[in-house]
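> A predicted structure for the sequence below; I have some questions about it.
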Amino acid sequence: CRSIIKKLSLKSYEAEYKTAIIWLPEYLRQEGNILLKLLEEPPPKTLIILVAKDIDKVIATILSRTQILRIPNLRDDEISSYLIEKLEVEAGVASSVARISEGSIIRAQAIVNSGDADYFELFTSWMRLCYNTRSELYKINAWVDNASGMGREFLKSFLGYSLYMFRASFIHTYGANELISLSENEKTFIINFSKVITKENIVPIVNVVNKNAAYIERNADLKITFLNLSLYIGRLLNRNYSA
C-alpha cells in the first residue's frame, strides 16, 4: 500500500494522467486503510481504479470513498463468438465452454487451453458408471485413473460443466427448457438422464460437486476426490439419500 502512495506521488512524464489499477481490493483488509487519504484526495490528474469481484467483501472505509461502476458478465453468445473468431474453436465446443465460463473471457480461454477432451462424452460415461456403481466399480476406478491424468485445471472446469448438466436435467423435468441452452447431443442425453435427477437429490448433488471442486482447488488428491465423489453421486442417483 505504501508503495502505491509513493509511486502516485511521482510526476508523470509520458501521459497527462497517472493511473493505478488495484486488483481485488477485497484482500486489502485493514492494512488497506493506509490508502484512505489517497482515495479521498488523490493528487491532481490521478485515477485510481479498484477492480473487485465481490464488493461486499471490500472494507467499508475503502468502499465509501469510491464511485461504484458495476460491469456485467459477458453473455454466453458473446464469449462463444469470441472463441470461434479469435481462437478458432469449433462452434459446439465454444458453446459448451461459454456456458461454464461464468461470463469471463479469461476463464473461457483457460478452459480451452486446459485440454482437448470432450466434456460431454466424459460426463455421460461418468454418469453411466455412477448409476451402475455396484456392477461397474472396477470401471469407475479406470475412469478415475483416466480423468485424474487430465490435470487439475481441466477437472475444475469439468465439474463446472457437470453442474450445468445436473441443473439442466432438473429444469428439463419441469418442462422449462427455454431456460437452458444445450447442444443436440446434450438434449438427447438429458431426456433420459433427467428421470434420475429429482427434487430430492438435486440439492445434495450440487452441494457435493461444489464441495469437491473446492477440494480440488486446494490441491486435494485427484484420484481419491473423484472416486469418493463418484460413489456418493452413484448412491444419490439410485435414490439412497442416507449418504
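Great, that's in hand. Numbers count the residues shown, from 1 in each chain.
> switch to C-alpha atoms for all contacts and neighbour counts from now on
OK.
> Strands along this structure, start to end?
Under the criterion DSSP state E, the chain contains strands at 18-23, 46-51.
> Quick check: which ranges of the protein have low pLDDT?
Applying pLDDT under 70 to the chain picks out residues 114-117, 240-243.
> tell me the domain ranges of it?
The chain breaks down into these domains under automatic domain parsing: 2-63, 73-113, 116-237.
> before we move on, back to that, would you turn the strands of the chain into a markdown table with mean neighbour count?
Shown next, in a markdown table, are the strands of the chain (neighbours: other Cα atoms under 10 Å):
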| stretch | mean neighbour count |
| --- | --- |
| strand 18-23 | 14 |
| strand 46-51 | 16 |
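> can you list the residues that contact stretch 43-63?
Contacts to stretch 43-63, defined as Cα atoms under 8 Å, 6 or more residues apart in numbering, come from residues 8-9, 16-30, 32-33, 35-36, 39.
> For it, list every residue counted as buried.
46, 50, 52, 58, 59, 62, 63 (16 or more other Cα atoms under 10 Å).
> Please compare these by their distance to residue 74 and name the closest.
Of all these, residue 74 sits closest to residue 52, with 16.1 Å by Cα to Cα.
> Can you pull the phi/psi pair for that closest one?
Phi and psi for residue 52, reported as degrees, to the nearest 10, are phi -110, psi 150.
> coming back round to it: any chance of the buried residues of stretch 43-63 in JSON lines, plus distance to residue 106?
As requested, those are arranged in JSON lines below (distance: Cα to Cα, whole Å):
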{"residue": "46", "distance to residue 106": "28"}
{"residue": "50", "distance to residue 106": "18"}
{"residue": "52", "distance to residue 106": "15"}
{"residue": "58", "distance to residue 106": "23"}
{"residue": "59", "distance to residue 106": "26"}
{"residue": "62", "distance to residue 106": "27"}
{"residue": "63", "distance to residue 106": "26"}
